[in-house]
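Novice: Whatever this is, show me its structure:
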Amino acid sequence: MVDTQGAVGCEVLVLGAGPTGLTAALDLVRRGIDVRIVDPAFSAPMRSPSRGLGPRSLEIFDDLGVVDELLRFGSLGQGLRMYAGRREVTHLPAGSDRSSRRRRAGRRYSRSLAIATRQVERVLRESLAAGGVKVEVGLDVRAWEQDDSGVTVRMAPEDGGSGELRVRAAYVVLADVPATTLPATGAPGTTALTTANGSASSGPAVYVGEVRVDGLPREDTLHVWTEGIMLAPLPAEDTWWFRADGVPDASHRAPTLTQCQELFQQRTGRDDVRIVGTQFLTAYPARYDADLGSASYRQGRVFLAGDAVGDRSLPRGVDAGIQDAYNLGWKLAAAIRAGEDVVLDSYEPERQAHEAGSSGSGPSASYPRHRPRLPLGARRWGRRWYAELGGQAQLDLHYRGSGLSQELGGKRVLLRAGDRVPDIRLWSVRAAREIRLFEILRGTHWTALGLGSVAAEAVAAVVRRFGSGVQGEVIGGGSVGSAIPGVTLLDSHGEARHTLGSRGGSVLLVRPDGYLGLRAGGRPEVIAAYLEGMVAEEL
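Specialist: Down below sits the predicted model:
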């Protein structure tokens, strides 16, 4: 119960309704958390357009139940045409990425999804509304203050109308809204957010936007010029994603249509292609003197995610924000439901580690710094860069250094605590059909996976203690149709043995966000001790 102190109360207030904020709200709502989401008046115009979603974001939206709708409005694996001026030097048709054809076991989504940001937001808003929560607009944040029990946020109509809305929440998630744009001072006791995470460079700029183009066919292809220009059609739209790197513009002000067209023609030498309209244009420094691996993600009961982290002058990308929200959602719910907020201490170090390990891969990855000699070098380089755009590197990021990652299963293991759990194929004994592991993980629960029938009793004991908060499964060997006491899943393709490990008797405890939290032996008391404070025990 939130002490409202005379204000409108909720458990979590989300500020910012871009992909990050909507993901956070959607995850919290399905966990039964009382959520209110407000899109401040200054937020939407500041959100940079993205070219799409990487494989890890697609896995997250699979769990949240919206991936099929997103796939309807996007395109998986756009092709690539690379040019040196007017000359085409590389052409890779859509879906021709070799790494995606040789899909590794456990990776359902092997390519990025090209999709307009507004389509992502629309799908998430509709899903959130179906859960009974609508995004509130037309409000400006004026001030806030926090104490040991919650945060009070003061808002007022953006049109200057009379009346002030006071919202009291146990926690606030600041998402898709640069913290530096919010009021730094306010009423006595107001806490100002600061983000001393670096400073913008005064060097060259990057132009990013959504434009209209004449002269290029709207094939499902990303067009890249070695001179530092990118154009890609946005599916289900009549616009194109545009990016220009290394622009000699130290002002970093949003460019005009004329500037973009002149820059395009100057660099490419193409007068048969024209940028004829703009939906959105922005600019930010090509170089940024900040280490987001040490950025602030939390100030008391206020949590920062997406572009709220760091400085506005360097958008972090839609994938990073979505993963912030997914990491935070289950932890906020655990703190509210279990009554202990220790689990929230892991949010900042885990996301800092991910940020430090990210190579900028994904559908909106920047133009590579080192350009090749043409033409053979461009072809090879184009293929490598095209693979980077697929975003596969996102799936290799881990939380091995987190305090929540406990490895008690010996040194010779394939999947370590903190790793993303792969989406392997299994045979369900109960359902008598093939099933993927993500179907079992999907939802708000923890999952206890026993390896071998000898782990069955330990898994059952944990489920009895924590009830619906933990789903238990036991994976055994054998062919389809085998009947092994205590075994609920069969490793019919051998993928569990080659990805999870084959140490019989081990129990893998999978977090609600799909990462391995604990690998332990068959002692239920050890598993229960790990879960205390994060999962409420069954009464």
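Novice: and after the worst-scoring helix or strand of the chain on mean pLDDT, which helix or strand comes next?
Specialist: Every helix and strand in the chain was compared by mean pLDDT, DSSP states H and E; the lowest is strand 288-289, with a mean of 46. As assigned by DSSP states H and E, the chain's next helix or strand after strand 288-289 is strand 298-299.
Novice: Sheet-wise, list the partners of that next one with their directions.
Specialist: Listed by DSSP bridges, the sheet partners of strand 298-299 and their directions read strand 302-305 (antiparallel).
Novice: Can you tell me which helices and strands the next helix-or-strand element following the strand it pairs with packs against?
Specialist: Proceeding N to C from strand 302-305, the next assigned helix or strand is helix 318-338, under DSSP H and E. Under the contact definition 3 or more C-beta pairs under 8 Å, 6 or more residues apart in numbering; DSSP states H and E, helix 318-338 sits against strand 8-15, helix 19-30, strand 52-53, helix 55-63, strand 165-175, strand 302-305, helix 347-357. (C-beta placed from N, C-alpha, C; glycine too.)
Novice: quick one: buried residues of the last one?
Specialist: With burial defined by 16 or more other C-beta atoms under 10 Å, the residues of helix 347-357 counted as buried are Tyr347, Glu348, Glu350, Arg351, Gln352, Ala353, His354, Glu355.
Novice: With just CA atoms, put it into PDB.
Specialist: These are the backbone C-alpha positions of helix 347-357, laid out as PDB (Å, rounded to 0.1, in the frame of the first residue of the first chain):
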ATOM      1  CA  TYR A 347      19.600  -3.000 -11.700                       C
ATOM      2  CA  GLU A 348      22.300  -0.400 -12.100                       C
ATOM      3  CA  PRO A 349      25.400  -2.700 -12.100                       C
ATOM      4  CA  GLU A 350      23.800  -5.200 -14.400                       C
ATOM      5  CA  ARG A 351      22.800  -2.600 -16.900                       C
ATOM      6  CA  GLN A 352      26.200  -0.800 -16.700                       C
ATOM      7  CA  ALA A 353      27.800  -4.100 -17.500                       C
ATOM      8  CA  HIS A 354      25.600  -4.600 -20.500                       C
ATOM      9  CA  GLU A 355      26.300  -1.100 -21.700                       C
ATOM     10  CA  ALA A 356      30.000  -1.600 -21.400                       C
ATOM     11  CA  GLY A 357      29.800  -4.900 -23.300                       C
END
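Novice: orientation of it relative to helix 55-63 in degrees?
Specialist: Using axes from the mean of the first three to the mean of the last three C-alpha atoms, to 10 degrees, one finds that helix 347-357 and helix 55-63 are set 140 degrees apart in direction.
Novice: so for helix 347-357, what's the average pLDDT?
Specialist: Per-residue confidence for helix 347-357 averages out to 86 on the pLDDT scale.
Novice: the inter-axis angle of that helix versus helix 318-338?
Specialist: Between the direction of helix 347-357 and that of helix 318-338, the angle (the same axes, to 10 degrees) works out to 160 degrees.
Novice: What helices and strands are in contact with helix 347-357?
Specialist: Where contact means 3+ C-beta pairs under 8 Å, 6+ apart, helix 347-357 is packed against helix 318-338.
Novice: Please compute how far the helix it packs on lies from its chain's middle.
Specialist: For helix 318-338, the distance between its averaged C-alpha position and the chain's averaged C-alpha position is 10 Å (C-alpha atoms, centre = their mean, to the nearest Å).
Novice: one step back: which of the buried residues of helix 347-357 sits closest to Glu227?
Specialist: For the buried residues of helix 347-357, the closest approach to Glu227 (C-beta to C-beta) belongs to Glu355, at 29.7 Å.
Novice: ok, that closest one touching Gly317?
Specialist: No: here Glu355 does not reach Gly317: they are 10.5 Å apart, not a contact under C-beta atoms under 8 Å.
Novice: which residues does Arg425 contact?
Specialist: Shown in contact with Arg425 (C-beta atoms under 8 Å, 6 or more residues apart in numbering): Ala105, Glu434, Ile435, Arg436, Leu437, Ser492, His493, Glu495.
Novice: low-scoring stretches of the stretch 251-400 of the chain, by residue?
Specialist: 287-294, 310-316, 356-382, 385-391 (pLDDT under 70).
Novice: All the helices of the protein, residue numbers only.
Specialist: Assignment of helices within the chain using DSSP state H yields the ranges 19-30, 55-63, 67-72, 98-101, 117-130, 257-268, 318-338, 347-357, 376-389, 437-441, 456-466, 495-499, 524-531.
Novice: Can you say which of these is packed in most?
Specialist: Using mean count of other C-beta atoms under 10 Å, the stretch among those with the greatest mean number of neighbours is helix 19-30 (a mean of 28).
Novice: orientation of that helix relative to helix 318-338 in degrees?
Specialist: Comparing the axes of helix 19-30 and helix 318-338 via the same axes, to 10 degrees yields an angle of 30 degrees.
Novice: which other helices and strands contact helix 19-30?
Specialist: Using 3+ C-beta pairs under 8 Å, 6+ apart as the test, helix 19-30 ends up in contact with strand 8-15, strand 35-38, helix 117-130, strand 165-175, strand 302-305, helix 318-338.
Novice: mind putting these in a markdown table, distance to Pro485 included?
Specialist: Conversion of the helices and strands packed on helix 19-30 to a markdown table gives the following (distance: least, C-beta to C-beta, whole Å):
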| stretch | distance to Pro485 |
| --- | --- |
| strand 8-15 | 43 |
| strand 35-38 | 43 |
| helix 117-130 | 41 |
| strand 165-175 | 45 |
| strand 302-305 | 45 |
| helix 318-338 | 33 |
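Novice: For the nearest residue in space to Arg442 that is not next to it in sequence, give me its contacts.
Specialist: The spatially closest residue to Arg442, leaving aside those adjacent along the chain, is Asp63, at 5.3 Å (C-beta to C-beta, 6 or more residues apart in numbering). Contact partners of Asp63, counting by C-beta under 8 Å, 6+ apart, are Phe438, Leu441, Arg442, Gly443, Gly514.
Novice: next one: Tyr83
Specialist: For Tyr83, the set of contacting residues under the criterion of C-beta under 8 Å, 6+ apart consists of Val89, His223, Val224, Trp225, Thr226, Thr268.
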